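Asks: Prediction below, plus the sequence it came from.
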Amino acid sequence: MDIQNEMLRKLKTRREGYSLDRAFYIDPDYYRQDLENIWYKDWLFVGHDCEIPRPGNYFTLQVGDYPIVIVRDRQGAVRALHNSCRHRGSRVCTQHKGSSAKLVCPYHQWTYELDGRLLFARQMPEDFDPAQHSLKPVSCETVGGYIFISLAERPMDFQPFRDTVAAYLAPHRLGETKVAYESTIVEKGNWKLVWENNRECYHCAANHPELCRTYPEAPTVTGVQGAMDDPEIGAHWERCEAAGLPSAFKIGPTGQFRMTRMPLINGAESYTMSGEKAVRKQLSGDISANGVGTLLLFHYPTTWNHILGDHAITFRVLPLGPELTQVTTKWLVSKDAVEGVDYTLEDLTHVWTETNDQDRQIVEENAFGIRSPAYEPGPYSAEHEGGVMQFVDWYSRFMLDRLQGSAAPLS
Ligand code: 3BY
Ligand code: FES
Ligand code: FE
């Protein structure tokens, strides 16, 4: 309770336009509050439909203390289940991903149907009721090839996001893709530092030589202001929308998500060193237009995305500790694209592999400096870091709302 009050006080008195107080980035108790109030309550992007195309395909992940399994059931529906056996709690699925006709606990072989129902439990007493011992369900939604879960007992409304994002994603048919490559890196910094870094391109010119060949550093591209008034961006939206691609800037009612389609530098097609396409088969069969740029989508606190004409790069953020964050990147290509024929992994992944590593170093240096007792919140650049301010505002408002609902009143 003390921590909640302290956090509330700091959020209420924080200086807007400045980075957060040190405790938000390093304190284990503050981190626990982030978990309880955001990560265990809000919708989280976990992976893609295309990763589990057939019944029995599954993948696992860890959200804070919760091990989760995402599985395609016999009817073809995507389900999320708590990966904790109803016998004595062992993890049931131990692999990162796999395929299985039933979910069998490795400890004493209790056997579950793909929808979580308990089918067999050896030598249990007559009065044992399997129906009372299903794997616990987790709320799960899919939209445009993206799977989201919520650990909340009463999840927040997913509809505003679905209603807005569905049309933007539909032409890209991400349900008909495959993961050509996947990387997971661990960054030694708080999850909010990963986001703050992502929400601006003030750092790009000095740090991302590969990305800057094709991605514009203009704040109107990465940030949340000014895109409407930029004639080049306006012309891009018009051209893309005429080709059937929703493109104009949209932001959710609480600022949790936004999408917009942005032109790349000099009509570049993709994030390659040459700016040419990395994949010969277009991602979206019905998009004939070239130069469609990148559809940018973020959804706090788990994902930012770049969807190009020829491939998509999706990012998933998961907190591992107060100062440790996992970032998983997936490169999606048309499921018919053949490696070595239509694309090479080197061309496809080079720019973002480098960019991710550069951002990891930035976040880790940022975390080092913030650990110093000499650190104090510093001013964001209004011109270049409007997106960072927007993220910090979203975080602060979200935490204020939650803490005000659950904390003891301030004295
Ligand atoms: O991935 C991104 O969207 C951001 C934008 C600018 C820098 N960073 C790589
Ligand atoms: Fe799963 Fe015993 S803990 S079968
Ligand atoms: Fe960066």
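Replies: It's in. Ligands and ions are numbered 1, 2, ... in the order given.
Asks: State the distance spanning the first to the last residue of stretch 256-267.
Replies: Terminal residues of stretch 256-267 lie 30 Å apart, using Cα to Cα, to the nearest Å.
Asks: Now tell me what touches it from outside.
Replies: Residues outside stretch 256-267 that contact it (Cβ atoms under 8 Å, 6 or more residues apart in numbering) are 42, 161, 164-165, 168, 213-216, 221, 224, 227, 232-233, 236-237, 240, 245-252, 270, 275, 290-300, 394. C-beta: built from backbone N, CA, C; applies to glycine.
Asks: So what does the residue located most distally from the centre of the chain have for phi and psi?
Replies: The centre of the chain is farthest from one residue, Glu126, which by Cα atoms, centre = their mean lies 45.8 Å away. When quoted as degrees, to the nearest 10, the phi and psi of Glu126 stand at phi -50, psi -40.
Asks: Next SSE downstream of the host helix or strand of Pro160?
Replies: Taking DSSP states H and E as the criterion, Pro160 maps to helix 159-169. On the C-terminal side of helix 159-169, the closest following helix or strand by DSSP H and E is strand 177-187.
Asks: Does anything pack onto that following strand? Which helices or strands?
Replies: With contacts taken as 3 or more Cβ pairs under 8 Å, 6 or more residues apart in numbering; DSSP states H and E, strand 177-187 sits against strand 324-334, helix 345-371.
Asks: Would you mind finding the most buried of the ones you listed?
Replies: Highest mean neighbour count of the helices and strands packed on strand 177-187: strand 324-334, a mean of 21 (counted as mean count of other Cβ atoms under 10 Å).
Asks: Pull the distance from that one to the chain's centre.
Replies: Per Cα atoms, centre = their mean, to the nearest Å, the displacement of strand 324-334 from the mean C-alpha position of its chain is 9 Å.
Asks: Only alpha carbons, please: show that strand as PDB.
Replies: This file holds the C-alpha atoms of strand 324-334, laid out as PDB (Å, rounded to 0.1, in the frame of the first residue of the first chain):
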ATOM      1  CA  LEU A 324      15.500  -6.800 -17.900                       C
ATOM      2  CA  THR A 325      13.400  -6.900 -21.000                       C
ATOM      3  CA  GLN A 326      13.000  -9.400 -23.700                       C
ATOM      4  CA  VAL A 327      12.400  -8.300 -27.300                       C
ATOM      5  CA  THR A 328      11.300 -10.900 -29.900                       C
ATOM      6  CA  THR A 329      11.400  -9.900 -33.500                       C
ATOM      7  CA  LYS A 330       9.700 -11.900 -36.300                       C
ATOM      8  CA  TRP A 331      10.100 -11.400 -40.000                       C
ATOM      9  CA  LEU A 332       6.900 -12.500 -41.800                       C
ATOM     10  CA  VAL A 333       6.900 -13.300 -45.500                       C
ATOM     11  CA  SER A 334       4.300 -14.800 -47.900                       C
END
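Asks: between it and helix 345-371, how many degrees?
Replies: 160 degrees (axes from the mean of the first three to the mean of the last three Cα atoms, to 10 degrees).
Asks: Quick check: residues of this structure near ligand 1?
Replies: Selection of the chain residues close to ligand 1 by Cβ under 6 Å from any ligand atom yields Asn198, Cys201, Cys204, Thr222, Trp304, Thr355.
Asks: just curious, which of the residues you listed is nearest to Ser134?
Replies: Nearest to Ser134 among the residues of the chain next to ligand 1: Trp304, at 34.8 Å, using Cβ to Cβ.
Asks: burial count for the closest one?
Replies: 22 (other Cβ atoms under 10 Å).
Asks: same question, the one 4 residues further on
Replies: For Leu308, the tally of surrounding residues (other Cβ under 10 Å) stands at 25.
Asks: Could you pull up the contacting residues of it?
Replies: Applying Cβ under 8 Å, 6+ apart, the residues contacting Leu308 are Glu269, Ser270, Tyr271, Leu283, Val292, Gly293, Thr294, Leu295.
Asks: and the end-to-end length of stretch 192-205?
Replies: 22 Å.
Asks: what comes up buried for it?
Replies: 192-204 (16 or more other Cβ atoms under 10 Å).
Asks: Near ligand 2, list only the ones from those residues.
Replies: Counting by Cβ under 6 Å from any ligand atom, no member of the buried residues of stretch 192-205 is near ligand 2.
Asks: Could you tell me which of these belong to helices?
Replies: Lys192, Leu193, Val194, Trp195, Glu196, Asn197, Asn198, Cys204 (DSSP state H).
Asks: show me where pLDDT drops low in this protein?
Replies: 1, 285-288, 406-411 (pLDDT under 70).
Asks: Show me the domain layout of it.
Replies: Per the TED database, the domain ranges recorded for the chain read 43-150, 173-371.
Asks: right, so those: which one is the most enclosed?
Replies: Comparing those by mean neighbour count (mean count of other Cβ under 10 Å), domain 173-371 comes out on top with a mean of 19.
Asks: Quick one: end-to-end distance for that domain.
Replies: For domain 173-371, the end-to-end distance is 44 Å (Cα to Cα).
Asks: just the strands in the stretch 201-350 of the chain please.
Replies: Taking DSSP state E, counting those that start in this stretch, the strands of the stretch 201-350 of the chain run over residues 250-251, 257-262, 294-299, 303-307, 312-321, 324-334.
Asks: and those as TSV, adding distance to ligand 2?
Replies: Listed next are these as TSV, based on distance: least, Cβ to the nearest ligand atom, whole Å:
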stretch	distance to ligand 2
strand 250-251	45
strand 257-262	38
strand 294-299	34
strand 303-307	32
strand 312-321	25
strand 324-334	26
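Asks: Quick one: closest of those to Leu403.
Replies: Leu403 lies closest, by Cβ to Cβ, to one member of these: strand 312-321, at 18.1 Å.
Asks: Please work out which residues outside that closest one touch it.
Replies: With Cβ under 8 Å, 6+ apart, strand 312-321 has contacts from 31, 34-35, 39, 45-48, 61-64, 146, 172, 174, 177, 186, 190-191, 194-195, 198, 271, 283, 301-306, 325-332, 352.
Asks: and the residue of the stretch 51-200 of the chain found nearest ligand 1, what is it in contact with?
Replies: At 4.9 Å from ligand 1, Asn198 is the closest residue in the stretch 51-200 of the chain, using Cβ to the nearest ligand atom. Asn198 is in contact with Phe298, Trp304, Phe315, Asp359, counting by Cβ under 8 Å, 6+ apart.
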